[in-house]
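Undergrad: from the sequence below, what's the structure:
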Amino acid sequence: MQPLSQAEAVARAELVQVRSYDVDLDLTGVPDGPRFTSTTTVSFTCRVPGASTFVDVKAVSLDLVRLNGRELDASPAPAGRLVLTDLDVENTLVVRATMACTNTGEGLHRFTDSEDGEVYLYAQSFLDDAARIFACFDQPDLKAPLRLAVSAPGGWEVRANGAGNQVAPGRWEFEPTVPLATYVVSLVAGPYQVWSRTHDEVPLALLCRRSLAPFLQAQAAEIFQITTECLDHYHELFGIRYPFGKYDQAFVPEFNMGAMENPGLVVFRDELVFRSAVTEAERERRAVVIAHEMAHMWFGDLVTMRWWDDLWLNESFAEYMGTRVTAAATGFTEAWTSFAVGRKSWGYAADQRPSTHPVAPPAVADTAAALLNFDGISYAKGASALRQLVEWVGDEAFLAGLRAYFTAHAYGSATLADLLAALEQASGRDLAGWAQAWLRRPRLDTLRPRVSLDEQGAYAAVEIVRTEPAGEPAARPHRVGIGVFDAPGEGGPVTLVRRATVDLEPTAPGGRTPVPQLVGTRPGRLLLVNEGDLTYAKIRFGSEDLARLGAVLAELADPLARSVVWSAAADLTRDAEWPAADYLTLAARALPTERSVAVLEDALGFAVGTVVHCYLPDRDRSAARRMIVDACQSVIDRAAGPAPAGASAGSAGAGGAAGPGGAAGAGAGAGAGLVLAAARGLVSCAERPEAARLRGWLAGRDVPAGLVVDPDLRWRLLDRLVALDEAGEAQIAAELDNDPSSRGIEQAARIRAAVGDPAAKARAWRTVTADEAMSVRLVAATAQGFWQPDQGDLTDPYVERYFAELPRVAARRSPHAVRQVAAAAFPRYAVRPATLAAAESLLAGPDAGPVLSRVVMDAADDLRRAVVAREIHRRACPRGWPGVPAGDGAVSG
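TA: As a prediction, the model looks like this:
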């Protein structure tokens with residue numbers, strides 16, 4: 001299908017205005033096959049009588065096309081476009097088409113539940129897939145009311161954007177919506193279970209498939225509470241009530257993203273209905289997603305970007321408001337801590353890759369290019385820029401500007417210029433320079449302290465040095481906190497004792513800004529730039545602070561400050577300013593005492609997934625894993641205490657669970673989340689000597705107090721045992737018998753690809769490159785399991801095959817599918833120059849296409865960093881790295 005270009009969208013919007021859509025879908029045959037009938041009546045005007053345009057329709061066949069009463073050729077629409085000629089001022093188009101359900105999460109996705117055989121549908125119109133469901137002018141600024149009617153099998157529940165009713169058995173009719181962009185038109189249909197209530201005159205509902213109903217039943221109260229708390233807070237902040245009537249939230253299978261902000265019917269991936277024990281950080285992430293999608297009701301749905309170059313008007317604002325409102329209105333008050341160590345680190349990594357782009361690029365060529373900008377820059381960097389904007393103009397002016405913006409552009413479209421005008425009017429500030437520096441320029445500055453001491457050992461001078469990225473001057477101002485941290489006595493917690501806030505002006509000579517507020521202050525144990533995490537920049541430490549960073553981090557009381565330190569340490573390591581061994585030494589000292597589950601999860605994720613598996617040579621990986629195992633065991637011992645020998649407490653047995661998606665180790669104490677996070681980390685790094693322990697946990701023996709061996713943890717245990725060649729197909733099949741759910745099937749697909757056997761690898765590779773009948777979710781899961789850090793002898797022959805065969809896969813697959821499968825299948829553990837050369841050869845040729853090129857470019861940059869990191873590590877540890885006991889060690893600096 002041909003992507004819509006920005007030039008085409010502008011020309012079409014200048015020519016036509018859509019008055020309304022009437023859509024009638026016949027889904028009665030969907031249980032028996034992936035076809036449905038779509039009949040659309042579009043009323044629209046044309047500013048130039050006699051002109052031509054096109055409507056988007058991605059159909060199996062066109063059965064009827066009638067424009068203003070005259071029949072048109074119903075041949076298949078080339079490239080998904082139906083050309084309309086000789087338009088009148090007022091036009092009525094009727095299109096009846098046979099459409100195909102998909103297994104890719106695009107258009108109308110069809111899913112058969114393995115547990116009960118029931119069929120479920122949901123619509124995903126984003127980004128340009130509304131035309132897979134009904135004929136439309138599929139671009140964000142041609143908004144129009146939509147009336148929907150659906151014929152469905154008896155016993156099905158059907159929901160859409162507007163309120164609706166079953167007017168006859170299997171026949172559903174929905175009220176016309178307010179003007180909507182086509183990319184947020186939504187529908188779910190199937191034997192969904194429904195939970196309903198009303199809050200502040202807004203009807204609320206939750207939906208999921210029947211097999212997940214017991215789990216959602218147990219979690220509905222928390223989800224409703226978060227929903228109502230966020231709704232109340234948005235009403236208070238914006239002064240404009242939720243504008244779309246009802247608010248349904250549907251949890252659907254095989255969803256490609258976290259969620260989608262369809263007004264009146266938000267859709268979430270149903271992994272957010274927890275079926276096993278989870279940490280508080282995971283519950284917090286779900287709350288942030290709920291708040292994020294609700295923010296879109298104003299940012300994106302009420303006021304919609306005119307074109308995808310202003311994607312940030314949707315995602316940056318939703319990312320910022322979602323985190324802000326979660327922290328302010330719900331019980332998850334540490335949401336900004338999680339943002340600092342998780343989402344923001346995602347933005348930092350994306351902004352330093354060759355594919356970086358401005359938050360608000362000057363142009364986005366077409367819809368294919370737009371898809372590529374849904375990344376850490378449009379989300380996390382944009383949200384961080386908004387935190388800086390709020391600091392600069394003040395919260396009251398910021399909110400006043402937003403209210404004016406919503407009022408002026410309600411139910412229409414807007415641009416960056418429109419938002420800036422509203423904020424300038426509210427704040428009295430000229431924001432053109434700020435927008436140019438923060439939104440129109442890529443990459444990020446580096447901030448580092450420079451100090452001198454007087455004769456008494458106090459600060460004689462403190463200054464912050466701002467360095468711009470090479471070749472990318474941005475003249476970017478920062479408002480930043482500088483914190484002095486110290487311990488009141490020997491062995492006590494390290495806390496903030498003095499803080500200063502400074503404005504780093506881009507005109508400062510040499511990029512140096514003095515901090516006079518700290519003159520005369522004693523240095524303490526840490527001088528932290530970006531205390532409070534108000535700005536977005538690479539953070540560096542003074543040499544003495546760096547040398548004692550591990551010891552200080554282990555005792556640092558503030559979780560947000562620890563997040564900033566962990567994030568900066570990861571960035572130092574990614575940039576090869578630190579050997580990987582230094583990061584691991586820091587981790588050995590600080591992980592055992594980490595108190596924040598969110599911080600522990602992210603620090604472990606980087607330590608294991610990046611440092612141990614990618615940045616270390618094979619010879620040192622075992623020592624590093626032993627250190628991680630010891631650190632995780634220390635967390636478990638501290639948080640839960642050891643279980644009695646032979647105890648089975650905490651085991652749910654094969655296929656069991658602690659309760660339907662309950663918090664980790666419900667009733668096991670406040671440290672249960674730490675126990676679960678640490679247990680996951682331990683399992684991921686277990687070596688053969690720990691295999692007996694993993695098998696024991698699977699059997700319910702010697703399970704730590706507070707840890708529940710439920711389905712999700714059982715699959716993790718089996719995954720590691722398979723990677724260690726301590727389990728195989730027989731154990732996978734047995735576990736799948738215990739857990740035949742869709743998630744069990746997905747886990748089995750991933751773990752089967754990890755089996756250390758040539759035949760298993762060959763089968764998995766055929767699935768990744770040739771199986772188009774399997775859902776994209778299962779293909780991506782297979783690709784995720786294929787590459788293992790210790791299976792180079794089996795997988796090395798497939799490295800060249802990736803670069804030779806993936807272009808053909810990309811040519812057959814949709815952009816969404818290519819993005820998922822190509823990223824999962826990249827040979828990320830083949831850390832050597834030859835892999836980089838193969839990637840560069842593919843990128844230099846004509847075969848990759850834009851989506852595969854972006855995936856390979858980003859993955860190759862990560863691989864390039866790994867090659868450099870390994871060389872730096874070899875120089876630092878020429879005889880190998882012996883490891884360091886958990887809780888010990890000092891960073892060498």
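Undergrad: next, Tyr120: secondary structure please.
TA: strand (DSSP: H, G, I helix; E, B strand; the rest coil).
Undergrad: just give the nearest non-adjacent residue to it, would you?
TA: Gly190 (3.6 Å; Cβ to Cβ, 6 or more residues apart in numbering). C-betas here are computed from N, CA, C, even on glycine.
Undergrad: my read is that that neighbour contacts Val119, right?
TA: Yes. Using Cβ atoms under 8 Å as the test, Gly190 is close enough to Val119 to be in contact (6.1 Å).
Undergrad: more neighbours: these two, which one.
TA: A side-by-side neighbour count of Gly190 and Val119, using other Cβ atoms under 10 Å, places Gly190 first with 26 against 20.
Undergrad: mind checking which helix or strand Leu127 is in?
TA: Secondary structure assigned from DSSP states H and E places Leu127 in neither a helix nor a strand.
Undergrad: what do you get for Arg499?
TA: Using DSSP H and E, the element containing Arg499 is strand 495-504.
Undergrad: can you pull the alpha-carbon coordinates of that strand into CSV?
TA: Provided in CSV are the C-alpha atoms of strand 495-504 (Å, rounded to 0.1, in the frame of the first residue of the first chain):
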residue,chain,number,x,y,z
THR,A,495,20.7,12.9,52.2
LEU,A,496,20.3,16.3,50.6
VAL,A,497,21.8,19.0,52.8
ARG,A,498,22.0,21.9,50.3
ARG,A,499,20.3,22.7,47.0
ALA,A,500,20.6,25.5,44.5
THR,A,501,18.5,26.1,41.3
VAL,A,502,20.3,27.8,38.5
ASP,A,503,19.5,28.9,34.9
LEU,A,504,22.1,27.8,32.4
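Undergrad: in that strand, which residues are buried?
TA: 495-496, 498, 500, 502, 504 (16 or more other Cβ atoms under 10 Å).
Undergrad: starting at the chain centroid, how far to it?
TA: 32 Å (Cα atoms, centre = their mean, to the nearest Å).
Undergrad: what's the helix or strand that comes right after it packed up against?
TA: Once the chain leaves strand 495-504, the next helix or strand it forms, by DSSP H and E, is strand 512-514. Applying 3 or more Cβ pairs under 8 Å, 6 or more residues apart in numbering; DSSP states H and E, one finds that strand 512-514 makes contact with strand 459-467, strand 495-504.
Undergrad: do that again at 7 Å, thanks
TA: Applying 3 or more Cβ pairs under 7 Å, 6 or more residues apart in numbering; DSSP states H and E, one finds that strand 512-514 makes contact with strand 459-467.
Undergrad: quick one: contacts of the strand it packs on?
TA: 445-454, 478, 480, 482, 502, 504, 511-515, 518-521, 523, 529 (Cβ atoms under 7 Å, 6 or more residues apart in numbering).
Undergrad: circling back to that earlier point, which other helices and strands contact the strand holding Arg499?
TA: Using 3+ Cβ pairs under 7 Å, 6+ apart: strand 495-504 touches strand 459-467, strand 478-486.
Undergrad: and if we set it to 6 Å?
TA: With contacts defined as 3 or more Cβ pairs under 6 Å, 6 or more residues apart in numbering; DSSP states H and E, strand 495-504 has these neighbours: strand 478-486.
Undergrad: looking at the buried residues of strand 495-504, spot the one nearest Thr356.
TA: Minimum distance to Thr356 across the buried residues of strand 495-504 is 21.4 Å, recorded for Leu504 (Cβ to Cβ).
Undergrad: that closest one and His478 touch, don't they?
TA: Yes. If you go by Cβ atoms under 6 Å, Leu504 and His478 touch, sitting 4.2 Å apart.
Undergrad: how about the contacts made by the one residue sitting closest to the centre of the chain?
TA: Centroid check for the chain by Cα atoms, centre = their mean gives Gly258 as the closest residue, at 6.4 Å. When contacts are counted by Cβ atoms under 6 Å, 6 or more residues apart in numbering, Gly258 touches Val289.
Undergrad: with that, I have no additional questions.
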